[in-house]
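Enquirer: 3D model of this:
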Amino acid sequence: MADCSVWPPLRRPLSQTPGRPDVKPLEVRVPHALGREEARRRIDDALARARSEYAETLGELEATWEAEDRLQFLMTVMGNRIDGDLEIMVEELIVRVRLPMMAALFAGRIREGVQERLGGLLSGPASPV
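Expert: As a prediction, the model looks like this:
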């Protein structure tokens, strides 16, 4: 009887390689009526508050502005490393997150939380200059 195994062995996608858990992309869009500068200012303020208020819960929280309107972030929540980016558009904020599969089970709740938090953050009039 012939051997039906595949040779050479098929390579696994990088996301399935040991040490690199599967991830699920999540995109959340939050409308706003602020200018990019005001939106960025509010995001910076919120990051500073999150670092101080939720340090024990969040663990690691890194955020770097890669461009004037694009923020890269990495955080650790309950042992799960979550990374993504946030882009400030003219009329909306786009958040792209790569969720580990354990966190992906809660993608709906995570989406709602992001929409609620950022929606509240970006609502209201812009600060006077």
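Enquirer: ranges for the helices of the protein?
Expert: Secondary structure of the chain (DSSP state H): helices at 36-53, 55-58, 101-104, 107-122.
Enquirer: Same list (the ones you listed) but as a markdown table, adding mean pLDDT.
Expert: Formatted as a markdown table, these follow (pLDDT from 0 to 100):
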| stretch | mean pLDDT |
| --- | --- |
| helix 36-53 | 92 |
| helix 55-58 | 73 |
| helix 101-104 | 84 |
| helix 107-122 | 93 |
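Enquirer: of all those helices, which lies closest to residue 70?
Expert: Comparing those by their distance to residue 70 (CB to CB), the top pick is helix 36-53, with 10.1 Å. Any C-beta I mention is one placed from the backbone N, CA and C, and that applies to glycine too.
Enquirer: Now do the closest one: everything it contacts.
Expert: 32, 34, 58, 61, 63, 65, 68-69, 71, 86, 88, 90, 93, 117, 121-122, 126-127 (CB atoms under 8 Å, 6 or more residues apart in numbering).
Enquirer: Point to the residue nearest the middle of the chain.
Expert: Compute the mean C-alpha point of the chain, and by CA atoms, centre = their mean the closest residue is residue 97, 3.3 Å away.
Enquirer: Show me what it bridges to in the sheet.
Expert: residue 26, residue 84 (DSSP bridges).
Enquirer: need the contact list for it.
Expert: Applying CB under 8 Å, 6+ apart, the residues contacting residue 97 are 25, 26, 27, 28, 82, 83, 84, 110, 114.
Enquirer: Now render these as CSV, adding neighbour count and distance to residue 49.
Expert: Below are those laid out as CSV (neighbours: other CB atoms under 10 Å; distance: CB to CB, whole Å):
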residue, neighbour count, distance to residue 49
25, 11, 27
26, 19, 23
27, 11, 24
28, 20, 20
82, 20, 18
83, 15, 21
84, 19, 19
110, 18, 19
114, 20, 16
